[in-house]
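A.B. asks: structural data only, the sequence is not supplied:
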């Protein structure tokens, strides 16, 4: 009898919760950083781990690990591209030599409402963790997440108007926008 109850319990757990491991080759993040002049740069980042956990249709958990060495600049080419990529990896930006990964985790239940999940999680960059709210929208075999974070909360202060004066048109806005394409 105990074996039967245990087997039923295991089956219930397996069918109630489903973990969706995402395609790491196809999933990616598009980042955009802007200057005060409305000029911007954008590029890509890639995952080393990405998963979502569902309880029926409710999203209950997610974990994402980003390889910070995968950071690319996609809006320019040549020497400028290489120079900016190296600068973004340096200590005055993301310090990739000592902070090789960024993570985002959440474990709060979110119901699908108006075609999207409203999620509250914890974003860690450069070893610093802060709360973040964002949306995840299911689209065919994709999930699309939109996030905006304040880079200065993660000790990324280069040309920030909150830390430096008289930057003029060299000021870089503190908000970094992320559009995350998660592919099944």
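C.D. replies: Arrived safely, thanks for sending. Remember, it's a predicted structure, so these values are computed and weren't measured experimentally.
A.B. asks: when you work out contacts or count neighbours from here on, use the C-alpha atoms and nothing else.
C.D. replies: OK.
A.B. asks: and residue 180, how far from residue 155?
C.D. replies: Separation of residue 180 from residue 155 (C-alpha to C-alpha, to the nearest Å): 23 Å.
A.B. asks: so which of the two has more stuff around it?
C.D. replies: Shown here are residue 180 and residue 155; by other C-alpha atoms under 10 Å, residue 180 has more neighbours (21 against 17).
A.B. asks: can you tell me, leaving aside adjacent residues, what's nearest to that one?
C.D. replies: residue 29 (4.4 Å; C-alpha to C-alpha, 6 or more residues apart in numbering).
A.B. asks: what pairs with the host helix or strand of the one you found, parallel or antiparallel?
C.D. replies: According to DSSP states H and E, residue 29 maps onto strand 28-35. In the sheet, strand 28-35 lines up against strand 40-55 (antiparallel), strand 172-183 (antiparallel) (DSSP bridges).
A.B. asks: what comes into contact with that strand?
C.D. replies: Contact partners of strand 28-35, identified using C-alpha atoms under 8 Å, 6 or more residues apart in numbering, comprise 40-47, 169-173, 175-182.
A.B. asks: and the buried ones among those residues, selectable in PyMOL?
C.D. replies: Filtering the contacts of strand 28-35 down to the buried ones (16 or more other C-alpha atoms under 10 Å) takes a single PyMOL command:
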select buried, resi 42+43+44+45+46+47+171+172+173+175+176+177+178+179+180+181+182
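A.B. asks: which ones are touching the nearest residue to residue 112 once chain neighbours are set aside?
C.D. replies: Excluding its sequence neighbours, the residue lying closest to residue 112 (C-alpha to C-alpha, 6+ apart) is residue 58, at 6.6 Å. Going by C-alpha under 8 Å, 6+ apart, residue 58 touches 109, 110, 111, 112.
A.B. asks: filter those to the buried ones?
C.D. replies: Using 16+ other C-alpha under 10 Å as the threshold, 109, 110, 111 are the buried ones among the contacts of residue 58.
A.B. asks: need those residues in TSV (columns: secondary structure).
C.D. replies: Listed next are the buried ones among the contacts of residue 58 as TSV, based on DSSP: H, G, I helix; E, B strand; the rest coil:
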residue	secondary structure
109	coil
110	strand
111	coil
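A.B. asks: the closest residue to residue 51 other than its chain neighbours: neighbour count?
C.D. replies: Sequence neighbours aside, residue 21 is the residue nearest to residue 51 in space, at 4.6 Å (criterion: C-alpha to C-alpha, 6+ apart). For residue 21, the neighbour count with other C-alpha under 10 Å is 16.
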